[in-house]
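Student: okay, sequence plus prediction incoming.
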Amino acid sequence: MHVREIPWLEPVDVAERLRSLGGLSFLDSAMRHDTLGRYSYVGADPFGKLIVRNGVASWNGETIDAPPLDAIAHCLNRYRMDDKDGLPPFQGGAIGFFAYEFGRLLERLPQPDAPAQGSMPDAAWYFYDVIFAFDHQVQRAWMLSSGFPEQNSNARQQRSDDRAEYFWKIVQASPDQGRSDLKHNQRIARTSWRSNFDREAYMEAVAKVVEYILDGDVFQANIAQRFIADLPDGFDRWRFYRALRERNAATFAAYLDHDDIVVASSSPERFLSVRSDQVETRPIKGTVPRSSDPNEDKALAEVLLKSEKDRAENLMIVDLMRNDLSRVCRPHSVLTPVLCGLETYASVHHLVSVVTGRLAEGKSPMDLIEAAFPGGSITGAPKLRAMEIITEIEREARGIYCGSIGFMGFNGNFDSNIGIRTVLFQGDKAVFQAGGGITALSDPSAEYQETLDKAARIFAVFDQGQA
């Protein structure tokens, strides 16, 4: 393993310089936070690609005869290495995503009427031997080169050194070398977007969910509207992401350039993290828009903290996540250190709870994913019935929305977001969704407005057309 501490560089600039290698993955703590927004990671030029499509896993194009999570675990274990103290949690491994529909491979659920945009895989994880890791809290950065996929110790050491030198030369190149003009991008006006719901239809959907709740089917269900637009010729997806991270900075942002799929995420929500045997999830339930007036902004936050509807919604999901974690964590280890805490982001205030636990002996991150995916904060409770209602009402596959983006380390560490505030680019289309949890106390008009509040910053970046 080649470990080199490097002079501090902004992670987004390192990602910029490595884009030409292809297969760029950028896990971006664009919003700084002592714990949540502490680390960023950049990888490019992956040596392996694990894709799950229609329930079948493949490694570099060759089918793996195993269930998808077993296939992922097998590939990670092939390159197992010890965790190195004093470094960020991710020290080499896979970066990628699980689409929301991956959940249909874990449970028996109905299929949506319409598939996801294009040929969306159930999961895609790119394996990297060279990772740039950044600790924003102490302003330190490292280049980590594992030498994989070589297995012979001498060959692996030689590859780790050679790859480190190769990547470092690219990063040291002039910041302007190969960089495109980032001042302007093609504009996509708000009126160019099409939704699978108009206002009345969305309000009717909310009313339908309330009926299900009153009939005792569910306690809540998350319903989203899906926006799609045609991309102008030459639209620069990376340029869009740079603008998005500036306008809507988030702790769990990400940019993935995975062949025919590009994902640009400004998610504020952690799904699951594992370090050693320590597990954490941070469900968000409860949202109000921010105000530019400080007094009004403070008042809005206080209204959210006192909201009976939002607090009830949050508590239901905390119960669900505690149950999911308890399936794979040690008895009596699942705790809730934060209940309905306030977190503030660029455009909204959120109510966020924290649930922690310790993995039981013999359990792995794959077991945790199987127990908890998709996240309860974006399905509802009970989870399976809520997912059935989501499929019935939305009728279309969600794709990356409400899936999860993150890393799986060769050292066993794992961290992931909930795929909200996330745009999928595929072919000549851009797609994103915005939704909210519906409870018995939901007002249909307010719920519709909440989806627009959540989508506002993304619309604004497309409409602005500049970084």
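Tutor: Cool, the structure landed.

Student: per-residue pLDDT of Pro115, please?
Tutor: Pro115 is assigned 72 on the pLDDT scale.

Student: over to Leu87?
Tutor: pLDDT recorded at Leu87 is 96.

Student: quick check: the gap between it and Gln278.
Tutor: Leu87 sits 17 Å away from Gln278, taking Cβ to Cβ, to the nearest Å as the criterion. Placement of C-beta: from N, CA and C, glycine included.

Student: check Arg78 too.
Tutor: 25 Å.

Student: same question for Ala249.
Tutor: In terms of Cβ to Cβ, Ala249 sits 26 Å off from Gln278.

Student: which of these two has more residues huddled nearby?
Tutor: When Ala249 and Gln278 are compared on other Cβ atoms under 10 Å, the one with more neighbours turns out to be Ala249, at 19 against 13.

Student: now do the same for the more buried one: helix, strand or coil?
Tutor: With DSSP: H, G, I helix; E, B strand; the rest coil as the basis, Ala249 sits in coil.

Student: ok, it touching Met31?
Tutor: Yes - with contacts defined as Cβ atoms under 8 Å, Ala249 counts as touching Met31 at a distance of 3.9 Å.

Student: overlap of the contact sets of these two?
Tutor: Taking Cβ atoms under 8 Å, 6 or more residues apart in numbering as the contact criterion, the residues that touch both Ala249 and Met31 are 345-346.

Student: what's around Lys309, how many residues?
Tutor: Residues near Lys309, counting by other Cβ under 10 Å, number 15.

Student: surely it and Thr439 touch.
Tutor: Yes - because the distance of 6.0 Å satisfies Cβ under 8 Å, Lys309 is recorded as touching Thr439.

Student: export only the CA atoms of stretch 208-220, formatted as PDB.
Tutor: Once side chains and other backbone atoms are set aside, the C-alpha atoms of stretch 208-220 remain, and they are given as PDB (Å, rounded to 0.1, in the frame of the first residue of the first chain):
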ATOM      1  CA  LYS A 208     -55.400   8.500  -1.300                       C
ATOM      2  CA  VAL A 209     -52.500   7.800   1.000                       C
ATOM      3  CA  VAL A 210     -54.400   9.500   3.900                       C
ATOM      4  CA  GLU A 211     -57.300   7.100   3.100                       C
ATOM      5  CA  TYR A 212     -54.900   4.100   3.400                       C
ATOM      6  CA  ILE A 213     -53.600   5.400   6.700                       C
ATOM      7  CA  LEU A 214     -57.100   5.900   8.100                       C
ATOM      8  CA  ASP A 215     -58.000   2.400   6.900                       C
ATOM      9  CA  GLY A 216     -55.000   1.000   8.900                       C
ATOM     10  CA  ASP A 217     -52.800   0.000   5.900                       C
ATOM     11  CA  VAL A 218     -49.900   2.200   6.900                       C
ATOM     12  CA  PHE A 219     -48.800   4.900   9.300                       C
ATOM     13  CA  GLN A 220     -47.100   6.900   6.500                       C
END
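
Student: contacts only, for Val14.
Tutor: For Val14, the contacting residues are 42, 132, 171, by Cβ under 8 Å, 6+ apart.

Student: for Pro112, give me its contacts.
Tutor: Taking Cβ under 8 Å, 6+ apart, one finds 391, 394-397 in contact with Pro112.

Student: that one in helix, strand or coil?
Tutor: Taking three-state DSSP, the label given to Pro112 is coil.

Student: and the pLDDT at the closest residue to it other than its chain neighbours?
Tutor: With Cβ to Cβ, 6 or more residues apart in numbering as the criterion, Pro112 has its nearest non-adjacent residue at 4.7 Å, and that residue is Ala397. Ala397 is assigned 94 on the pLDDT scale.

Student: mind listing what's buried along the helix or strand hosting Lys169?
Tutor: Lys169 is part of helix 153-172 when elements are defined by DSSP states H and E. Burial within helix 153-172, assessed by neighbour count using 16 or more other Cβ atoms under 10 Å, is assigned to 156, 159-160, 163-164, 167-168, 170-171.

Student: check stretch 213-233 too.
Tutor: Burial within stretch 213-233, assessed by neighbour count using 16+ other Cβ under 10 Å, is assigned to 213, 218-229, 231.

Student: sort out for me which of those residues are in helices.
Tutor: Assigned to helices by DSSP state H, the following of the buried residues of stretch 213-233 qualify: Ile213.

Student: can I get the buried residues of stretch 213-233 in JSON lines including distance to Leu36?
Tutor: Rendered in JSON lines, the data for the buried residues of stretch 213-233 read as follows (distance: Cβ to Cβ, whole Å):
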{"residue": "Ile213", "distance to Leu36": "32"}
{"residue": "Val218", "distance to Leu36": "30"}
{"residue": "Phe219", "distance to Leu36": "28"}
{"residue": "Gln220", "distance to Leu36": "25"}
{"residue": "Ala221", "distance to Leu36": "27"}
{"residue": "Asn222", "distance to Leu36": "22"}
{"residue": "Ile223", "distance to Leu36": "27"}
{"residue": "Ala224", "distance to Leu36": "24"}
{"residue": "Gln225", "distance to Leu36": "28"}
{"residue": "Arg226", "distance to Leu36": "28"}
{"residue": "Phe227", "distance to Leu36": "27"}
{"residue": "Ile228", "distance to Leu36": "31"}
{"residue": "Ala229", "distance to Leu36": "31"}
{"residue": "Leu231", "distance to Leu36": "32"}
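
Student: dump the buried residues of stretch 213-233 to TSV, plus pLDDT.
Tutor: Supplementary listing: the buried residues of stretch 213-233 in TSV, determined by pLDDT from 0 to 100:
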residue	pLDDT
Ile213	97
Val218	95
Phe219	94
Gln220	93
Ala221	95
Asn222	96
Ile223	97
Ala224	97
Gln225	96
Arg226	96
Phe227	97
Ile228	96
Ala229	96
Leu231	95
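
Student: which member of the buried residues of stretch 213-233 is positioned nearest Glu204?
Tutor: If you rank these by distance to Glu204 using Cβ to Cβ, Ile223 comes first, at 10.7 Å.

Student: hang on, the earlier thing: what's the closest of the buried residues of stretch 213-233 to Asn60?
Tutor: Asn60 lies nearest to Leu231 out of these, by Cβ to Cβ, at 29.2 Å.
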